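Visitor: just a sequence and a predicted model for now, questions to come.
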Amino acid sequence: MYNARLFFTTTSKESFHPINPTAGAPQRHRLFKLVFVPLLAFSLFGQCAVVWTQLDDIRAGYFDFVLYYSAAKILNDGNGTHLFDLDVQRDYQKNFGGGYRDWDLPFNHAPYELLPLLPLAKFSFPVAHALWTAINILLLAIALFRLFPFLQTSHRSLFVLMALAFFPTITALKMGQDSVITTLLLAETFVSLKHKRYAIAGGLLALALYKPQFVLPLLGILFIHGRWTSLFGFVSAGLLLAAISLAMVGLDGLMGLITLWLPMINRGHVVWPELMMNLRGLIYMVLHPAGLTEATNVLTLGSSVATYAAMLQLWPRSAEEKNELFDLRFAAAVVMTALVSFHSYSYDGTLLVIPLVIMLNQILKAPGPYPVRHRVFLALMIAWFVPLVPNVLLHAALLAWWALPLPIFFAVIAIEILRRSAERRSVIKTEDSIPVACQI
């Protein structure tokens with residue numbers, strides 16, 4: 001004699017969380033890896049080969065690390081009040097690297113971001129760039145390590161290879177950009193939310209305010225869902241960072257930062273939508289052949305609002321952080337953030353490592369045959385890692401088309417969330433219909 005409700009509940013839970021879903025390495029997973037792993041290896045090799053051919057340009061200061069290095073030198077020389085003066089930045093950038101550029105590489109981030117770079121700016125430019133690259137590789141390793149407890153042990157090496165072979169990751173390391181830091185902060189935010197440490201999650205988001213377009217969408221979700229301690233952590237850390245920035249450059253310096261931000265709504269100078277991996281870039285590419293690019297900003301705003309509204313529907317107020325549905329919701333939120341970010345270049349796509357590994361992990365641990373949505377995602381993965389395709393698109397000033405899988409990726413995660421949510425509701429409803437005292 002045993003309780004029928006207990007039996008039904010146990011078997012239902014096992015249908016969602018199999019004891020060992022990857023036992024025996026299912027044939028479909030082996031076939032996928034047989035195609036995907038060599039593709040990743042070739043992609044990583046191809047990206048490294050491209051970087052090798054660009055080493056002289058990197059040492060000559062043609063890439064973005066020069067803007068961080070020069071800004072840190074300005075601060076080290078006690079010229080913080082002139083940090084956001086473009087003429088001052090140009091003068092400093094000419095003093096090292098030996099590279100001649102007919103375009104500006106302005107530093108237009110919050111001053112506090114330069115704190116870890118101040119010691120590096122005391123070294124020569126090539127040495128500082130090498131040290132910064134090593135630091136970022138370490139930070140990427142930490143981000144993956146923090147995600148590992150929520151990923152299948154048997155697939156972790158695959159996720160590491162995937163993160164390294166991802167075009168935005170290599171680009172961020174080559175350019176000396178800060179995108180790996182953003183990825184780490186978002187990974188830590190995910191971990192904090194999983195453990196219900198909402199204030200810490202808010203503080204972590206505030207640390208990434210040097211690029212607010214990758215922070216505010218997620219903060220908005222937490223605010224709408226009444227996670228007030230997250231808002232408290234965000235505001236507290238944000239005020240501290242604002243005070244630090246004010247001390248570094250003064251009020252006039254901060255006003256100079258605002259003057260650098262204002263022109264970024266229009267194409268030109270440092271704003272090239274055709275190179276952006278977001279809705280703005282895709283819409284610009286669609287409108288360009290018809291000569292309608294002036295409507296880009298309006299259509300981007302409308303599509304961004306619609307995408308954000310869809311994300312709110314996928315993340316209800318009753319969402320529980322502990323279950324795997326939350327993992328998928330966070331992954332969808334990061335993809336949404338990438339889509340609606342108004343200013344996002346290839347290296348900023350490094351943050352997509354988080355949703356990619358979360359979604360692939362969910363697929364590889366599923367016990368049944370691949371449904372259509374999983375096959376679509378795996379096809380997207382293979383297409384995204386075809387070697388050197390983004391390099392060709394970048395050379396042709398068409399990189400925005402490489403973001404075409406992003407809306408599809410968002411839709412696939414959305415369908416996965418909706419299907420799993422419906423299945424859970426169905427199980428709960430069935431469980432509630434069984435009398436508690438029913439026995440066999």
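Guide: It's in. Numbers count the residues shown, from 1 in each chain.

Visitor: got any ranges where the stretch 1-150 of the chain has weak pLDDT?
Guide: Under the criterion pLDDT under 70, the flagged ranges of the stretch 1-150 of the chain are 1-26, 96-104.

Visitor: what about the helices in it?
Guide: Along the stretch 1-150 of the chain, the stretches classed as helices by DSSP state H, counting those that start in this stretch are 4-16, 27-53, 55-59, 65-76, 86-93, 125-147.

Visitor: looking at those, which one is packed in the most?
Guide: Each of the helices of the stretch 1-150 of the chain was given a mean neighbour count from mean count of other C-beta atoms under 10 Å, and the largest, a mean of 23, is that of helix 65-76. Bear in mind the C-beta positions are built from the backbone N, C-alpha and C, glycine included.

Visitor: need the contact partners of that helix.
Guide: The set of residues external to helix 65-76 that reach it, using C-beta atoms under 8 Å, 6 or more residues apart in numbering, is 58, 61, 80, 82-83, 88-89, 92-93, 96-97, 99, 105-107, 111, 114, 117-118, 120-122, 125, 128-129, 132, 175-178, 248.

Visitor: ditto for stretch 363-382
Guide: 18, 21-22, 26, 28-29, 32, 35-36, 39, 152, 155, 356, 359-360, 405, 408-409, 412, 415-416, 419.

Visitor: in contact with Asp349, which residues are there?
Guide: Actually, residue 349 is Gly. It isn't Asp. The neighbours of Gly349, taking C-beta under 8 Å, 6+ apart as the test, are 166-168, 179, 277, 338, 403.

Visitor: CSV for those residues, including pLDDT, neighbour count and distance to Leu193?
Guide: Compiled in CSV, those are given as follows (pLDDT from 0 to 100; neighbours: other C-beta atoms under 10 Å; distance: C-beta to C-beta, whole Å):
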residue, pLDDT, neighbour count, distance to Leu193
Phe166, 96, 23, 24
Phe167, 96, 27, 28
Pro168, 96, 26, 24
Ser179, 96, 26, 21
Met277, 93, 28, 25
Ala338, 96, 25, 18
Ala403, 93, 25, 26
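
Visitor: tell me which of the residues you listed is nearest to Ser426?
Guide: Closest approach to Ser426 among those (C-beta to C-beta): Ala338, at 32.1 Å.

Visitor: now the closest one: which helix or strand?
Guide: Element membership of Ala338 [criterion: DSSP states H and E] is helix 324-340.

Visitor: kindly export that helix (C-alpha atoms) in PDB.
Guide: C-alpha atoms of helix 324-340 as PDB (Å, rounded to 0.1, in the frame of the first residue of the first chain):
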ATOM      1  CA  GLU A 324      15.600  25.900 -14.400                       C
ATOM      2  CA  LEU A 325      12.900  28.100 -15.900                       C
ATOM      3  CA  PHE A 326      14.600  31.000 -14.300                       C
ATOM      4  CA  ASP A 327      17.900  30.000 -16.000                       C
ATOM      5  CA  LEU A 328      16.000  30.200 -19.400                       C
ATOM      6  CA  ARG A 329      14.400  33.500 -18.400                       C
ATOM      7  CA  PHE A 330      17.700  35.100 -17.500                       C
ATOM      8  CA  ALA A 331      19.100  33.800 -20.800                       C
ATOM      9  CA  ALA A 332      16.200  35.400 -22.700                       C
ATOM     10  CA  ALA A 333      16.700  38.600 -20.800                       C
ATOM     11  CA  VAL A 334      20.400  38.800 -21.800                       C
ATOM     12  CA  VAL A 335      19.400  38.200 -25.500                       C
ATOM     13  CA  MET A 336      16.700  40.800 -25.200                       C
ATOM     14  CA  THR A 337      19.300  43.200 -23.700                       C
ATOM     15  CA  ALA A 338      21.600  42.600 -26.700                       C
ATOM     16  CA  LEU A 339      18.800  43.200 -29.100                       C
ATOM     17  CA  VAL A 340      17.500  46.500 -27.600                       C
END
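
Visitor: contacting residues for Phe45?
Guide: By C-beta under 8 Å, 6+ apart, Phe45 lies in contact with Pro387.

Visitor: can you tell me the closest non-neighbouring residue to the spatially most central residue of the chain?
Guide: Among the residues of the chain, the smallest C-alpha distance to the mean C-alpha position (C-alpha atoms, centre = their mean) belongs to Leu351, namely 1.8 Å. Using C-beta to C-beta, 6 or more residues apart in numbering and skipping the chain neighbours, the partner closest in space to Leu351 is Thr183 (4.8 Å).

Visitor: Ile200 too?
Guide: By the measure of C-beta to C-beta, 6+ apart, the closest residue to Ile200 outside its immediate chain neighbours is Ser192, 4.5 Å from it.

Visitor: ok, now how distant is that neighbour from Leu352?
Guide: 20 Å (C-beta to C-beta, to the nearest Å).

Visitor: of these two, who's got more company?
Guide: Each of Ser192 and Leu352 had its neighbours counted (other C-beta atoms under 10 Å), and the higher figure belongs to Leu352 (25 against 22).

Visitor: and that one, how far is that from His374?
Guide: Between Leu352 and His374 the distance is 18 Å, computed by C-beta to C-beta.

Visitor: nearest to Thr293, of the helices of the stretch 1-150 of the chain?
Guide: Sorting these by C-beta to C-beta, the top spot, which is the nearest, belongs to helix 86-93 at 25.7 Å.

Visitor: what's next to that closest one, contact-wise?
Guide: 61, 66-67, 70-71, 73-74, 79, 82-83, 101, 104-107, 260.

Visitor: okay, the angle between it and helix 125-147?
Guide: An angle of 100 degrees separates the directions of helix 86-93 and helix 125-147 when computed by axes from the mean of the first three to the mean of the last three C-alpha atoms, to 10 degrees.

Visitor: from the chain's centre, how far out does helix 86-93 sit?
Guide: Taking the mean C-alpha point of helix 86-93 and that of its whole chain, the gap between them comes to 30 Å (C-alpha atoms, centre = their mean, to the nearest Å).

Visitor: keeping just the C-alphas, turn it into PDB.
Guide: Only the C-alpha atoms of helix 86-93 are listed here, as PDB (Å, rounded to 0.1, in the frame of the first residue of the first chain):
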ATOM      1  CA  LEU A  86      38.700  65.200 -27.500                       C
ATOM      2  CA  ASP A  87      41.700  67.400 -28.300                       C
ATOM      3  CA  VAL A  88      43.500  66.200 -25.100                       C
ATOM      4  CA  GLN A  89      42.700  62.600 -25.900                       C
ATOM      5  CA  ARG A  90      44.000  63.000 -29.400                       C
ATOM      6  CA  ASP A  91      47.300  64.500 -28.100                       C
ATOM      7  CA  TYR A  92      47.800  61.700 -25.700                       C
ATOM      8  CA  GLN A  93      47.100  59.000 -28.300                       C
END
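
Visitor: since that was my last question, I'll sign off now.
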